[in-house]
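Novice: No sequence on hand, only this structure:
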């Protein structure tokens, strides 16, 4: 892994990593890549645990980075659709690799967590 | 992309994503996968912009998740080495996919940012 660039604070690679590595961006790509444009409320209701404020910030950042488009329809009440750009779609494959890793190794991670917690808290209390 | 699991708040997949998607974890894996164990100070000096507090939290979380080992050598001053486990090494490939995406598309992202900023700030001021 050539990490030379991303290790430098303020380099563009690091800024891209900030966006791509952001959990909420990952989840927005996951939802939008499943089936066409979505409204704000649909995204909010689909992504468990996201607050409107954080979702708004995430969508603005992704729009600024060219990952999605925001289309406002002049109707009452106003309707706003969010849709992935081709650039946003291209993120799907690498993000899938991360999700596949998580799915494959989730048991190892949770087992490690349980073992670690047992050693560092309950274990100490019991012995 | 099957996003059904990660969209649920509190599901284990989401917790794994929190760790794997964390920028600092990505950078620690990048450094440790380049050449064997490293000391805390080496990691701190290599990863630009990380504070000791954040690095400590990141390393503890990664140790808890079974991604790295922390080895304390009984010497003066004490020496502590951090090293990827096989599980941590297995993260290298999917993270590389993300970094490759970032490298390939960085121009598109920065161009989109510049265009967006021109439209939303300077553009408005000028016209």
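Specialist: Nice, thanks for sending it over. Since we're looking at a predicted model, the values are computed, not measured. Numbering: from 1, shown residues only, chains lettered A, B, ... in the order given.

Novice: can you pull out the strands in chain A?
Specialist: In chain A, the strands defined using DSSP state E lie at A:38-39, A:68-73, A:79-84.

Novice: Just give me the longest helix of chain A.
Specialist: When every helix of chain A is counted residue by residue (DSSP state H), the longest turns out to be helix A:92-117.

Novice: mind listing what's buried in it?
Specialist: A:92, A:94-99, A:101-102, A:105-106, A:108-109, A:112-113, A:116 (16 or more other CB atoms under 10 Å in any protein chain shown). Where C-beta positions appear, they are placed from N, C-alpha and C, glycine not excepted.

Novice: Tell me, please, where in chain A the pLDDT is lower than the cut-off.
Specialist: Low-confidence segments of chain A (pLDDT under 70): A:1-5, A:122-127.

Novice: center of it, which residue is that?
Specialist: Centre of chain A computed as the mean C-alpha position; nearest residue by CA atoms, centre = their mean is residue A:26, 2.1 Å away.

Novice: Relative to residue A:102, how far out is that residue?
Specialist: 10 Å (CB to CB, to the nearest Å).

Novice: Name the residues contacting each of these two.
Specialist: Shared contacts of residue A:26 and residue A:102, defined by CB atoms under 8 Å, 6 or more residues apart in numbering or on different chains, are found at B:6, B:17.

Novice: ok, the residue nearest to the centre of chain A touching residue B:21?
Specialist: Yes: in this structure, residue A:26 is within contact of residue B:21 by CB atoms under 8 Å, at 5.8 Å.
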